[in-house]
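**Student:** sequence and predicted structure are below.
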Amino acid sequence: MFARFHLGRPGTAPAFALALILCLAASLHTALAAAPAGPPPIERFFNHPVLSGAKLSPSARYQARDGMAIPALLTLPAGGARKAPLVVLVHGGPYVHGNHWGWNPETQFLASRGYAVLEPDFRGSTGYGDTHFRAGWKQWGLAMQDDIADGARWAIAQGLAGPKRICIAGASYSPIQQAARIKAPLLLAYGDVDRRVPMFHGRKFLDAVKPGNSQVEWIEYQDEGHGWQLPANRVDFWSRVEKFLDRHIGKP
């Protein structure tokens, strides 16, 4: 799911849904430089694991409002970012180690199109010690959501992101209880044979959000499960994402 981002808790902000939303990040990546004729085609990111010229930089941390240090990955477009459009890419689970330092075709693709990408390992994420993990217990939509919003604020304060050009995206963390409150433009995508997040979850979410939101786009892949495995579907999905982002946050 992709949605425009508002800096607040789920009562006023879109929470994470199924096919892509956005979040903060704990390690600084720098994206590959675009080819002289323009950015690399989508197929090069999702059909091939490596592109020459990609550069990875050290991890970063920011402080949440209660003082907790939040690790994140931050991917910047070639040449850096100054008040750039920001995609906050939120991992699912949520009790998993969501982000891994290294090549990620999704973040590199977004950076090649001029977006900064923040991927936070909010409280409750594993791999950062028991205190960080336990701090996320019973905090779905509460302190977890604050960690994400605080990451967006951090990126704005650093001069990296424009405050009105932020999108939140993610997967496998459904915000059904807050769906009716989402008023921002929204892109939803589901796989028909997904057993972890069955299609009726997606339909239920769509039914909840659509009556009060005229800017909802729906994508359904009949031959996909929990994530896109077929190259043709990856290219189709990210082509749609590129157009969605360009429409809503790509231009100043």
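**Tutor:** That came in fine, so what should we check first? Numbers count the residues shown, from 1 in each chain.

**Student:** switch to C-alpha atoms for all contacts and neighbour counts from now on
**Tutor:** Noted.

**Student:** where in this structure is pLDDT low?
**Tutor:** By pLDDT under 70, the weakly predicted segments of the chain are 1-38, 43-58, 252.

**Student:** quick one, helices of the stretch 51-200 of the chain?
**Tutor:** Secondary structure of the stretch 51-200 of the chain (DSSP state H, counting those that start in this stretch): helices located at 105-112, 130-134, 143-157, 199-209.

**Student:** okay, and the beta partners of the residue nearest in space to the middle of the chain?
**Tutor:** Central residue of the chain (C-alpha atoms, centre = their mean): Leu89, 1.9 Å from the mean position. Note on Leu89: beta-bridge partners by DSSP bridges are Ala169.

**Student:** now Thr107: closest residue in space, sequence neighbours ignored.
**Tutor:** Spatial nearest neighbour of Thr107, chain neighbours left out: Val117 (6.4 Å); criterion: C-alpha to C-alpha, 6 or more residues apart in numbering.

**Student:** hmm, back to that, so the residue nearest to the centre of the chain makes contact with Gly151?
**Tutor:** No. In this structure Leu89 lies outside contact range of Gly151 using C-alpha atoms under 8 Å: 10.9 Å.

**Student:** stretch 185-200: which residues count as buried?
**Tutor:** By 16 or more other C-alpha atoms under 10 Å, the buried positions in stretch 185-200 come out as Pro185, Leu186, Leu187, Leu188, Ala189, Tyr190, Gly191, Asp192, Asp194, Val197, Met199.

**Student:** name the nearest of those residues relative to Trp228.
**Tutor:** Here the nearest of these to Trp228, counting by C-alpha to C-alpha, is Gly191; it sits at 7.9 Å.

**Student:** how close does that closest one get to Asp207?
**Tutor:** According to C-alpha to C-alpha, to the nearest Å, Gly191 stands 17 Å off from Asp207.

**Student:** next: Ser125.
**Tutor:** Distance from Ser125 to Asp207, counting by C-alpha to C-alpha: 30 Å.

**Student:** more neighbours: those two, which one.
**Tutor:** For Ser125 versus Asp207, the count of surrounding residues by other C-alpha atoms under 10 Å is larger for Ser125: 27 against 13.
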